[in-house]
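Student: only geometry, no sequence info:
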Ligand SMILES: Nc1ncnc2c1ncn2[C@@H]1O[C@H](COP(=O)(O)OP(=O)(O)OP(=O)(O)O)[C@@H](O)[C@H]1O
Ligand SMILES: CC(=O)C(=O)O
Ligand SMILES: [K+]
Ligand SMILES: [Mg+2]
């Protein structure tokens, strides 16, 4: 039996029933057995009392898309505009190679819902290393423009593309801007500099000749010597190393080390007076520096999927960047992620997140700007607001910091990762662990296994958080989509279905389902590669690329047969399907 609820317009609600195909007995995945009675109760309960029961029907809505065939699995190709990607044959479907294996081997329920972002650095920039990360579950590769040259980043992007093309992955690329923070120079190529207790160091805007004189640090901010005062506390990397300012001599600032430690190249610098962060001047720095604009042009030219903006202070800068991208990028399909890592970003949190396509809890710098003990509550608040506003959120920095050096995490780190998963963040991010650590693959494996374990525990315990999900739609049609998705997610939980299917052109309907954090995975079918890659950042979505028409019956039949042929679903699996072309909910067993 296939049952459907279709919402076209407010006034035409229809409801149709067909007979259930017999579930096949050789199903591989454990599925809650569905009694037809249960379906009919649920469906009737959801139906509008004014609606009529109609025979099976084909519903066409003309939105100018034309009929589509399910497309071939032509490899990932960042250089092919999405429109050209429709030229492939009609024999298959694109899905991430690792997800496919995972689905086949472990079944729907055990697929990981939390997405994983890896920062790429010297430890992971080679093709083999990138492949190991992709096999290990990396959904998004992050390149940090604070480090390395554009040529270096370009090579990484090329390798990720090649990996996607040759090996069937769909790893998305996130470019992270440097931003206008105050930071140290690159230490003249040294990997670190050690400051000992009581040592006197010189911080200066002067460029030093190489080799760098002993105990000198170059600072990138011209106003540095003017802004600091004798007696200020200077924090390197949010307090990993601390100094007291003892003397100012022209551009040179002499400081005594009060908390020894290792300083890394380009480490962030903040200064504090009477227990508060000195931020007046810093706040005057533009969020997007001239170097950032060049990096952004580079990102647009390379067709990255996400641009993460460091030290966002207001929604204005996000709007500005989005219009800049829209004017320059081919399909203006680069998502803008606001990094929440400053006091100003916390102050204007809602409007910043509302303007963005997603947010990152950048705990590294955030912890240098607010007291460390305030970071966990800020994290929880950011994750919650993102969920309410339907924006993907990444929890970043120091998740497994000790794994930069050691092959196993600390208990505290595992607890921290668990908490982020329990908060139902969309994604977790590795920074130094994958960029320059000794155990990038092991760190990724820890994120993977902790995510899967906590997600399972959460489902078993039915720890449904009582989070209100306010309406986010701005039009009546959006509101219908939201209602459909929340009803479909609720039905999926109540009926114990195997998967939710969503056919979505822009990805919006998929994100609305993801927002509900249902128990089952969400198979998101979309026709463009760029949308498919972007969906990789969102909780619980398994993005596929196929082409589809406005005829849901034929979309479903084609998808079923293609997925069955790949061994990814079986006859009898119970599925709820929704679509954004045709606002509908259908409940059916795979024939
Ligand atoms: N492309 C790169 N080349 C060299 N080293 C890198 C690169 N990317 C990252 N790293 C190293 O990995 C460390 C952690 O990376 P991460 O991206 O967290 O940088 P960060 O300097 O802490 O800045 P951010 O606040 O933007 O995260 C860096 O401090 C740097 O040592
Ligand atoms: C990721 C980042 O920029 C931070 O944690 O500061
Ligand atoms: K950065
Ligand atoms: Mg940062």
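Tutor: That came in fine, so what should we check first? No experiment lies behind these values; they were computed from the predicted model shown. Ligands and ions are numbered 1, 2, ... in the order given.

Student: Could you list the contact residues of the chain toward ligand 3?
Tutor: Within the chain, the positions lying close to ligand 3 (Cβ under 5 Å from the ion) are 144, 146, 176, 310. Placement of C-beta: from N, CA and C, glycine included.

Student: try 6 Å this time
Tutor: Residues of the chain found near ligand 3 (Cβ under 6 Å from the ion) are 144, 146, 176-178, 310.

Student: Kindly indicate which of those lies nearest residue 508.
Tutor: For these, the minimum distance to residue 508 (Cβ to Cβ) is 24.8 Å, reached by residue 176.

Student: Which secondary structure state is assigned to the nearest residue to the closest one once chain neighbours are set aside?
Tutor: Nearest residue to residue 176, sequence neighbours excluded (Cβ to Cβ, 6 or more residues apart in numbering): residue 308, at 4.3 Å. Following DSSP: H, G, I helix; E, B strand; the rest coil, residue 308 is assigned to strand.

Student: hang on, the earlier thing: mind listing which of the residues of the chain next to ligand 3 are in strands?
Tutor: 144, 176 (DSSP state E).

Student: what subset of the residues of the chain next to ligand 3 is also close to ligand 1?
Tutor: 144, 146, 176, 310 (Cβ under 6 Å from any ligand atom).

Student: got a list of what the last one touches?
Tutor: Contacts of residue 310 were listed using Cβ atoms under 8 Å, 6 or more residues apart in numbering, and they are 176-179, 181, 287, 339, 341, 362, 365.

Student: sorry, back to before: tabulate the residues of the chain next to ligand 3 (TSV), appending pLDDT and distance to residue 93.
Tutor: Below are these laid out as TSV (pLDDT from 0 to 100; distance: Cβ to Cβ, whole Å):
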residue	pLDDT	distance to residue 93
144	97	34
146	90	38
176	98	32
177	95	35
178	90	39
310	94	37
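
Student: any idea how far the residue nearest to residue 548 when sequence neighbours are not counted lies from ligand 4?
Tutor: Once flanking residues are discounted, residue 548 sits nearest to residue 555: 4.3 Å by Cβ to Cβ, 6+ apart. Applying Cβ to the ion, to the nearest Å, the value for residue 555 to ligand 4 is 43 Å.

Student: just residue 589 next, same as before
Tutor: 48 Å.

Student: ok, back up a step: among the residues of the chain next to ligand 3, pick out the one closest to residue 519, please.
Tutor: Scanning the residues of the chain next to ligand 3 for proximity to residue 519, where the rule is Cβ to Cβ, the winner is residue 176, at 32.8 Å.

Student: Tell me how far the closest one lies from residue 154.
Tutor: Taking Cβ to Cβ, to the nearest Å as the measure, residue 176 falls 15 Å from residue 154.

Student: out of those two, which sits in the busier spot?
Tutor: Using other Cβ atoms under 10 Å, the more surrounded residue of residue 176 and residue 154 is residue 176, with 27 against 15.

Student: Touching, that one and residue 145? I think so.
Tutor: Yes - shown here, residue 176 and residue 145 form a contact pair, counting by Cβ atoms under 8 Å, at 6.3 Å.

Student: Give me the common contacts of those two.
Tutor: With Cβ under 8 Å, 6+ apart, residue 176 and residue 145 have no common neighbours.

Student: Can you give the contact residues for stretch 511-523?
Tutor: Under Cβ under 8 Å, 6+ apart, the answer for stretch 511-523 is 108-109, 111, 113, 387, 390, 392, 424, 426, 459, 469, 481-482, 485-486, 488-490, 492-493, 496-502, 510, 524, 535, 538-542, 544, 578.

Student: Can you check the distance spanned by it, start to finish?
Tutor: Chord length of stretch 511-523, first to last residue, is 11 Å (Cα to Cα, to the nearest Å).

Student: Identify the residues contacting residue 590.
Tutor: Residue 590 touches 560, 564, 569-575, counting by Cβ under 8 Å, 6+ apart.

Student: are any of those residues buried, and which?
Tutor: 560, 569-575 (16 or more other Cβ atoms under 10 Å).

Student: Looking at those, which are in strands?
Tutor: Per DSSP E, the buried ones among the contacts of residue 590 map to strands at 574-575.
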